[in-house]
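Chemist: Got a sequence here, can you model it:
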Amino acid sequence: PGENGLTPENGFADLADILVNTRSAADHAGATRMDRPEWGAVDPATGQVYFSLTNNTRREQGGEDAANPRADNSFGHIIRWQEEGIHAGTRFEWDLFVLAGDSDDSRDLAGEPLEQDAIFASPDGLWIDPDRRVWIQTDISESVMNSGIFEVFGNNQMLAANPETGEIKRFLTGPVGQE
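Modeler: Got it, this is the predicted structure:
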């Protein structure tokens with residue numbers, strides 16, 4: 001409180017205001033903006049943190065940055081980072097684990113487009129199992145599912161990804177109306 005724009009003049013009278021209005025506090029403090037963060041998961045072996053960023057169709061051209069590389073991010077992406085040292089580290093390294101999308105607009109860990117049987121949009125749920133598989137659930141809105149730019153993805157699905165190679169495979173496709 002009182003530092004980095006977190007002042008009463010900006011609506012942050014105390015720590016409670018900062019905790020209740022975390023996103024606004026982060027904006028004032030200059031945090032990296034993210035495209036609708038949804039779920040996070042931690043690799044039990046490495047401590048790497050994965051976060052699904054579902055989408056953002058409101059960014060204007062020119063507002064892209066390294067962590068949010070598309071102006072119209074209709075399909076979302078997953079970012080991951082590794083803190084330096086212990087979990088209380090003050091520095092970290094990060095990368096884009098995957099840019100979701102169709103075969104023309106997606107990128108895997110190696111920078112290659114996703115294979116047709118691994119394309120997906122709107123990553124949401126994340127979980128990392130004891131064998132380090134990264135499980136990805138999608139949440140395409142039912143109002144746009146199977147239409148327009150989302151037609152190629154079909155229904156929402158669950159995918160499994162290899163954290164070392166970035167290989168992604170579809171595990172299942174759900175029924176209409178399922179997240």
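
Chemist: Now do the buried residues in the lengthiest helix in the chain.
Modeler: Of all the segments of type helix in the chain, defined by DSSP state H, the longest one is helix 22-29. Residues of helix 22-29 classed as buried by neighbour count (16 or more other C-beta atoms under 10 Å): 25-26, 28. For glycine as for every other residue, the C-beta is placed from the backbone atoms N, C-alpha and C.

Chemist: So what's the gap between the next helix or strand after it and the chain middle?
Modeler: Sequence-wise, the next helix or strand downstream of helix 22-29 (DSSP states H and E) is strand 37-42. Here strand 37-42 is found 7 Å from its chain centre; the criterion is C-alpha atoms, centre = their mean, to the nearest Å.

Chemist: what's the average pLDDT for strand 37-42?
Modeler: Confidence for strand 37-42, expressed as mean pLDDT, is 93.

Chemist: what kind of secondary structure is the residue nearest to residue 29 when sequence neighbours are not counted in?
Modeler: For residue 29, the nearest residue in space outside its immediate sequence neighbours is residue 4; the separation is 4.1 Å by C-beta to C-beta, 6 or more residues apart in numbering. Under the three-state scheme (DSSP: H, G, I helix; E, B strand; the rest coil), the conformation of residue 4 reads as coil.

Chemist: Domain parsing of this structure, as residue ranges.
Modeler: Split into domains by the TED database, the chain comes to 1-31, 35-173.

Chemist: Deepest-packed of those domains, please.
Modeler: Using mean count of other C-beta atoms under 10 Å, the stretch among the domains of the chain with the greatest mean number of neighbours is domain 35-173 (a mean of 16).
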